[in-house]
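Participant: generate a structure from the sequence data that follows.
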Amino acid sequence: MEKNLPSFSIYIETANLRLAKLGRLRTALESISQQRPSPNCADEVALLEDGTLPKAVLESLCKEFSWLKTHRIPEGQTYGDQKALGANNLESEVIVFADPDCIYRQGWLISLLRVFVEYPDVGAVAGETTIPITGPFTLSAALFYFFPRFSGDRNPAPARGMYFNNVAIRRQTLATCPINSGLALRGGQNVIYSRQLMTANIQILRQPLAQCEHAPPESVWMAMKILFWTGRDTARFNNIISAHIPFAGDYEPYNFPGGRIKKLILRLKDISRKETAMLLWFPVAVPILGLVFGAFFGGRFVERLLRLTGK
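Facilitator: Numbering: from 1, shown residues only. Modelled structure (predicted):
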């Protein structure tokens, strides 16, 4: 099977490092270095940086991880714009997208690539991303943030979408449906691109064995800022997405559709079944949830108010 794997490149954005500690990048690269096939087998593993990262840090990382390259990109690119720039390389058969604030579990890379061998018609393969629960704040993050719990499934299954922090996309798919840039969004470009693929009848499969752990927001205040902008983006989605495939609150593209409150209830049920002891922190997590959900619905209100007033 490994001999038949498609050629691949890995692209890592750095926009998330505006919201996270720089040390998380080294942890992410360490997890990629332990993958099979080795990143040395990639056509390219590149960090997309816009000049905001210290030069000494970049030099140190490239020395430590000899397979890592850096690509200088224009300043001020959003998360989605950086993903679109990474998709410009159409030399490899498969483009793998990763984030600098994720830890990729053993078997992540080969699990993604194997699906393209087993399913020749698949256009994109989405891994599963979650936030590990270690205390009250991370429990609240697991309930309000974008990522559900790991499904526990073993086999690839059809998906409605993907996260850009854990997805591999076939070269032909990107040539047919390029990732849009310059959208009036702070985040959530994966939702838009998932709809593009659905409209084009391009198949997405979820590979539950390709797992990564996403870092939680750095603080409650940062979580409130992120969710405020998520609320604003949510109010903008239906002006961007194809009208016959409306946005259904599905920041969880391979899980059930529905809004933020429905997601919270589903996640509570999931944690109660699989990680019951973690709910001991729930009373402490409740005030955090109140603040963050208040920020989310506040963002939706502000966006709708600005739209009504024509601003």
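Participant: state the helix or strand in which Thr234 lies.
Facilitator: Thr234 belongs to helix 220-240 when assigned by DSSP states H and E.
Participant: that helix: how far from the chain's middle?
Facilitator: Mean C-alpha position of helix 220-240 versus that of the full chain (C-alpha atoms, centre = their mean, to the nearest Å) differs by 15 Å.
Participant: return the set of buried residues in that helix.
Facilitator: By 16 or more other C-beta atoms under 10 Å, the buried positions in helix 220-240 come out as 220, 223-237, 240. Glycine gets a C-beta too; all of them are placed from N, C-alpha and C.
Participant: so what touches that helix?
Facilitator: 19, 137, 140-141, 144-146, 183-188, 191-192, 216-217, 246-247, 249, 251, 288, 291-304, 307 (C-beta atoms under 8 Å, 6 or more residues apart in numbering).
Participant: now a ChimeraX select for only the buried ones of those residues.
Facilitator: Remark: buried members of those, expressed as a ChimeraX selection using 16+ other C-beta under 10 Å:
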select :137,140,141,144,145,146,183,185,186,187,188,191,192,216,217,247,249,251,288,291,292,293,295,296,299,300,303
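Participant: how about the helix or strand that contains Leu61 as CSV, C-alpha atoms only?
Facilitator: In this structure, Leu61 sits in helix 55-64 according to DSSP H and E. Extracted in CSV, the C-alpha atoms of helix 55-64 (Å, rounded to 0.1, in the frame of the first residue of the first chain):
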residue,chain,number,x,y,z
LYS,A,55,13.7,35.4,11.6
ALA,A,56,15.8,33.6,14.3
VAL,A,57,12.9,31.3,15.1
LEU,A,58,12.4,30.4,11.4
GLU,A,59,16.1,29.7,10.9
SER,A,60,16.1,27.5,14.1
LEU,A,61,13.1,25.6,12.9
CYS,A,62,14.5,25.0,9.4
LYS,A,63,17.7,23.8,11.0
GLU,A,64,15.9,21.5,13.4
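Participant: list the buried ones in it?
Facilitator: Quick answer for helix 55-64 (16+ other C-beta under 10 Å): 58, 61.
Participant: check which element follows that helix along the chain.
Facilitator: Counting by DSSP H and E, what follows helix 55-64 is strand 68-72.
Participant: what's the first helix or strand after that following strand?
Facilitator: Toward the C-terminus from strand 68-72 - assigned by DSSP H and E - lies helix 79-86.
Participant: what is that following helix packed up against?
Facilitator: Applying 3 or more C-beta pairs under 8 Å, 6 or more residues apart in numbering; DSSP states H and E, one finds that helix 79-86 contacts strand 44-49, strand 94-98, helix 189-199.
Participant: mean neighbour count, those: which tops it?
Facilitator: strand 94-98 (a mean of 26; mean count of other C-beta atoms under 10 Å).
Participant: need the helices for the stretch 151-300 of the chain, in chain order.
Facilitator: 171-176, 189-199, 220-240, 260-274, 282-308 (DSSP state H, counting those that start in this stretch).
Participant: list the helices and strands the last one packs on?
Facilitator: Secondary structure elements in contact with helix 282-308, counted by 3+ C-beta pairs under 8 Å, 6+ apart, are helix 136-144, helix 220-240, helix 260-274.
Participant: rewinding a little: could you give the angle of the helix holding Thr234 to helix 282-308?
Facilitator: 40 degrees (axes from the mean of the first three to the mean of the last three C-alpha atoms, to 10 degrees).
Participant: state the mean pLDDT of helix 220-240.
Facilitator: Mean pLDDT, computed over helix 220-240, is 89.
Participant: then that helix to CSV, C-alphas only?
Facilitator: Below are the C-alpha coordinates for helix 220-240, written out as CSV (Å, rounded to 0.1, in the frame of the first residue of the first chain):
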residue,chain,number,x,y,z
VAL,A,220,-11.3,33.3,28.0
TRP,A,221,-10.8,36.8,26.5
MET,A,222,-9.3,35.4,23.3
ALA,A,223,-12.2,32.8,23.2
MET,A,224,-14.7,35.7,23.4
LYS,A,225,-13.0,37.6,20.6
ILE,A,226,-12.9,34.5,18.4
LEU,A,227,-16.5,33.6,19.0
PHE,A,228,-17.6,37.3,18.6
TRP,A,229,-16.1,37.2,15.1
THR,A,230,-17.6,33.7,14.5
GLY,A,231,-21.0,35.1,15.2
ARG,A,232,-20.4,37.9,12.7
ASP,A,233,-19.2,35.4,10.1
THR,A,234,-22.2,33.2,10.7
ALA,A,235,-24.5,36.0,9.8
ARG,A,236,-22.5,36.5,6.6
PHE,A,237,-22.4,32.9,5.4
ASN,A,238,-25.8,32.8,3.6
ASN,A,239,-24.8,35.8,1.5
ILE,A,240,-21.8,33.9,0.2
